[in-house]
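[1] Fold the following and give me the result.
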Amino acid sequence: MGRYLLRRLINHVALVLIAASLTYFLAAISLNPRANFAGRNPTVAASSVTATLDEYNLNPDTPVVVRFAHWANDVAHGDLGRTVTGGDVNDQFARRVGVSTRLLLIATIIGSIGGVLVGAWGAVRQYRASDRIATLGSFFILAMPIPVIAVTLKLWAIDLNDAVGFKLIQYTNEYDPNLTDTGDILVSRLQHLLLPSLTLILIQVALYSRYQRSTMLDVLGSDFLRTARAKGLSRRAALMRHGLRTAVLPVVPLLVYNVVLLFTGATFTEKTFGWHGMGEWLVDSIRTNDVNAVAAVGMFTALIVLVAGLLSDVLYAALDPRVRVR
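    Next up, the predicted model:
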C-alpha cells in the first residue's frame, strides 16, 4: 500500500505544479491590473502606476514568463506576493482559509455523513413512505439555486426573530463585533454559523443521498449479502458490515473531492451571509484584476485537490483490500 500511495503522491504533486502554473499564466494574461488605476480623481501619473505595478510584479507590460519566474521564486520562499492594492497576499490567504474552515468543517462532516445515511436508508426502504419523502425532498433542494435556499433561510430567520421578540438566529457576518466577553462571542459565532451551515448541509445531504441510494440498491441484491445472511448474520449486521461498506466505495471520490473543493466553491453561501472566505475572495480578486490573489487561490485549490486525491486513495484502500496489492 505504501508504494501505491507514493506513486499517487508523485502524480498528484506533478499535477499540482502544472495546475498552479497554468492558473498563474491564465490570470496574468487575462487580467489587467492597470485598469484599476484608470478613471481615478485625481488622475494618477502613468509613471507612478507603472512603478507600483512593477513593485507588485503585476505590470502587464512585463513579459508573462518573467513575471511567472519572479512569482514562482517568491512562492518557493513562502511569499505569495502583493495584492493590487499593496496588501500582503499571505495575510489575506491565512485569514480567508480560517474563515472558510470555520464555515465548512462542521457543515461538510454532517452533510456528507447525513447524505450517505439518508441514501442508504432510502435504498433499504425502497418505495416506502420514508424513501419517497427523502427522494422528493432531495430533488426539491437540488432544483433550487443556492442563493434561493440561503435567502429563504434568512427570511425564515427574520420571521422567527420577530415571533420570539429578539434575534435568536443571526444571518449576517461571522459574529457581532461589538461583543467583548469571550462567552458572548462564542454564542454569537454559533448563532451566525447556523444558517450558512444549514444551507451547505441541505445541499450536500440532497446530493450525496441520491448517489448513495443508487449504489446501495445495486448492492442489496448481491450474492455476498445473501452469503452473509446464510452464515447467520442478521439483516442489519450484513447491511452495515458488508452492504454499506461496498456501496460507499463508488461515492468516496465524490464525497472527498466535493467536501474539499467547497473551500473555494461556497461563493454564493459566503456572499449571502457575509462570510469573507476563499470563495468570495476568488470572485472579488477576478473583479479587481488581482493576479497574485487569483494565483494564490488557484494554487490553494490545486493543493486541496492533492489532499483530496490522497485522502480518497487512503479511504478507498481501507475499504477495498484489493487496492493494497496493486
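
[2] Pull the distance from the host helix or strand of residue 108 to the chain's centre.
    Secondary structure from DSSP states H and E places residue 108 in helix 89-124. Computed by CA atoms, centre = their mean, to the nearest Å, the chain-centroid distance of helix 89-124 equals 7 Å.

[3] moving C-terminal of it, what's the next helix or strand?
    Toward the C-terminus, helix 89-124 is succeeded by helix 129-143 as the next helix or strand (DSSP H and E).

[4] Quick check: next helix or strand after that following helix?
    Once the chain leaves helix 129-143, the next helix or strand it forms, by DSSP H and E, is helix 146-164.

[5] residues of the longest helix along the chain that come out buried?
    When the chain is parsed with DSSP state H, its longest helix is helix 182-220. Residues of helix 182-220 classed as buried by neighbour count (16 or more other CB atoms under 10 Å): 188, 191-213, 215-217, 219. To be clear about C-beta, it is placed using only N, CA and C from the backbone, and glycine gets the same treatment.

[6] show me where pLDDT drops low in the stretch 151-300 of the chain?
    Low-confidence segments of the stretch 151-300 of the chain, defined by pLDDT under 70: 259-261, 265.

[7] Show me what the longest helix of the chain is packed against.
    helix 89-124, helix 129-143, helix 146-164, helix 244-247, helix 252-265, helix 267-273 (3 or more CB pairs under 8 Å, 6 or more residues apart in numbering; DSSP states H and E).

[8] Let me see the mean pLDDT of stretch 86-98.
    Averaging pLDDT along stretch 86-98 yields 91.

[9] Show me the contact partners of that stretch.
    With contacts defined as CB atoms under 8 Å, 6 or more residues apart in numbering, stretch 86-98 is touched by 52, 56, 78-83, 263, 276-278, 280-281, 292-293, 296, 300.

[10] Neighbours of the nearest residue to residue 147 once chain neighbours are set aside, how many?
    In this structure, residue 147 finds its nearest non-sequential neighbour in residue 268, 5.1 Å apart by CB to CB, 6 or more residues apart in numbering. For residue 268, the count of nearby residues is 19 (other CB atoms under 10 Å).
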